[in-house]
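Student: the following block contains a protein sequence and its predicted model.
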Amino acid sequence: MKKTLTVLSIILLLFSTDAFAQRQERLRLFEIPDTLNKARFWTLNTSIATGYVGTMSLLSIAWYADFERSKFHFFNDYGEWMDVDKAGHLFSTYFESKWTKHLYMWTGMKERKAAYAGAIGGMVYQAGIEVLDGFSEKWGASMWDIAFNTAGAATFLGQELLWEEQRIHLKLSAHLPRYDTTPLQAVNSTATTTVKERANALYGTSIPEVMLKEYNGLTLWASGNISSFIKKENSRFPKWLNIALGYSAENVYGGFGNGWTDAEGNTFVPSAEDYPRYRQFLLAPDVDFTRIPTKSKGLKIFFGILNIIKIPAPAVEYNTQGKFKFYPMYF
């Protein structure tokens, strides 16, 4: 839910700011001014500030209100959820930085300055969540989260400064795993459950939940554009073709381990032999939609949004069990 609200607030800003700005400057929605348009600039800043405060307030009420508050503190969560959540922090900050840059370019700001504004914006968005975590008794601010947030912003900004473009895009894909329904008995009672029931309670079953927090079905990708690294002029290599490296995990039913206790006090510990936790590393082809030629400004924006998704494609996996797998189609 935290990631959903943050990402949606950024996407909606592009559309929410234009209505007021058009009253002062007659610009088409997707028209980029040659110089800084002060009406758009200050409207955007106001909208970002308002949206940021609103999002953090909503999170505080909808997410954190059910948990005890405490003094601000840190905690070490490295290795929790097999670090899929850390990859999520990397992706979220990268995405937020990239779209904040485009929002500021929409005001007429020069591209280099907009890139700095984007990276700062991405860090600020995530910092608000860390502050809320830091005052929560259940969690705490995480230096590892901050490190991966910084890496996400740096991945974006570094490419802008080095190449003046994004040659390596961070993307995601997600599928709904087929969970085992074999009865699992508690170690301290006769109660039973299944890993499917546990996964549904942890991760949910709706499409947004699967895309954002289904740690057994979520894969984060670094998708590199091959043609952008080819120095040969007039190369016929497809400009849209990428190669992607992915990270995922399997059999994750708890933070640091797969044991849990339910609300009734029943403790379940799935067999490590039957449900081994392991990391997955994948290699697959991909498409950079932003390099598909089009004269339509609306289609360019659509391709930019679509480019956060890794397309379904054949993939090769190597995992920490020392095994290779081939998928005819992986998403």
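Tutor: Yep, it's here.
Student: which residue ranges form the helices in the stretch 101-250 of the chain?
Tutor: 111-134, 143-163, 195-203, 207-213 (DSSP state H, counting those that start in this stretch).
Student: reformat these as JSON lines; add mean pLDDT and distance to N45.
Tutor: Backbone N, C-alpha and C define where each C-beta goes, glycine included. Putting these into JSON lines (pLDDT from 0 to 100; distance: least, Cβ to Cβ, whole Å) gives the following:
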{"stretch": "helix 111-134", "mean pLDDT": "94", "distance to N45": "10"}
{"stretch": "helix 143-163", "mean pLDDT": "97", "distance to N45": "19"}
{"stretch": "helix 195-203", "mean pLDDT": "93", "distance to N45": "36"}
{"stretch": "helix 207-213", "mean pLDDT": "79", "distance to N45": "28"}
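Student: how about TSV for those, with distance to D180 and mean neighbour count added?
Tutor: Shown next, in TSV, are those (distance: least, Cβ to Cβ, whole Å; neighbours: other Cβ atoms under 10 Å):
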stretch	distance to D180	mean neighbour count
helix 111-134	32	19
helix 143-163	31	19
helix 195-203	5	18
helix 207-213	18	17
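Student: Serialize those helices to JSON lines and add fields for distance to T55.
Tutor: Formatted as JSON lines, those follow (distance: least, Cβ to Cβ, whole Å):
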{"stretch": "helix 111-134", "distance to T55": "8"}
{"stretch": "helix 143-163", "distance to T55": "16"}
{"stretch": "helix 195-203", "distance to T55": "22"}
{"stretch": "helix 207-213", "distance to T55": "15"}
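Student: between those helices, which one is nearest to A174?
Tutor: Among the helices of the stretch 101-250 of the chain, the nearest to A174 by Cβ to Cβ is helix 207-213 (4.8 Å).
Student: so how far is that closest one from its chain's centroid?
Tutor: In terms of Cα atoms, centre = their mean, to the nearest Å, the centre of helix 207-213 is set 11 Å apart from its chain centre.
Student: swap in stretch 165-180?
Tutor: Worked out by Cα atoms, centre = their mean, stretch 165-180 lies 9 Å from the chain centre.
Student: SS state for the nearest residue to A151 once chain neighbours are set aside?
Tutor: Nearest residue to A151, sequence neighbours excluded (Cβ to Cβ, 6 or more residues apart in numbering): L90, at 5.5 Å. At L90 the chain is in helix, as set by DSSP: H, G, I helix; E, B strand; the rest coil.
Student: is L90 in contact with W221, as I believe?
Tutor: No. L90 is beyond contact range of W221, at 11.0 Å (criterion: Cβ atoms under 8 Å).
Student: let me know the pLDDT of S16.
Tutor: pLDDT recorded at S16 is 46.
Student: what's near enough to touch the residue nearest to A151?
Tutor: If you count contacts by Cβ atoms under 8 Å, 6 or more residues apart in numbering, L90 has them with F148, N149, A151, G152, T155, L170, L220.
Student: taking these together, which two end up most distant?
Tutor: Using Cβ to Cβ, the pair of those lying farthest apart is N149 and L220, separated by 14.1 Å.
Student: show me where pLDDT drops low in this structure?
Tutor: 1-26, 62 (pLDDT under 70).
Student: switch the cut-off to 50
Tutor: Within the chain, the stretches with pLDDT under 50 are 1, 4-5, 7-8, 10-25.
Student: what's the nearest residue to V252 if we skip its chain neighbours?
Tutor: Counting by Cβ to Cβ, 6+ apart, the residue nearest V252 is Y215, at 4.8 Å.
Student: oh, that last question was meant for P276, not what I typed.
Tutor: Nearest in space to P276, with sequence neighbours left out and distances taken as Cβ to Cβ, 6+ apart, is N251 at 5.9 Å.
Student: next, count neighbours for the one you found.
Tutor: 19 (other Cβ atoms under 10 Å).
Student: what is the neighbour count of the closest residue to E317 other than its chain neighbours?
Tutor: Ranked by Cβ to Cβ, 6+ apart and with sequence neighbours excluded, the top spatial neighbour of E317 is K325, at 4.3 Å. By other Cβ under 10 Å, the residues close to K325 number 13.
Student: before we move on, what about L283?
Tutor: 14.
Student: how about the CA coordinates for the helix or strand hosting it, as CSV?
Tutor: In this assignment (DSSP states H and E), L283 forms part of strand 278-287. The C-alpha trace of strand 278-287 is given here as CSV (Å, rounded to 0.1, in the frame of the first residue of the first chain):
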residue,chain,number,x,y,z
TYR,A,278,16.4,-19.3,-2.2
ARG,A,279,17.3,-16.5,-4.4
GLN,A,280,16.9,-16.4,-8.2
PHE,A,281,18.9,-14.6,-10.9
LEU,A,282,17.4,-14.4,-14.4
LEU,A,283,18.5,-13.4,-17.9
ALA,A,284,16.0,-12.6,-20.6
PRO,A,285,15.4,-10.4,-23.6
ASP,A,286,13.3,-7.2,-23.3
VAL,A,287,12.0,-4.2,-25.2
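Student: many thanks, we can stop here.
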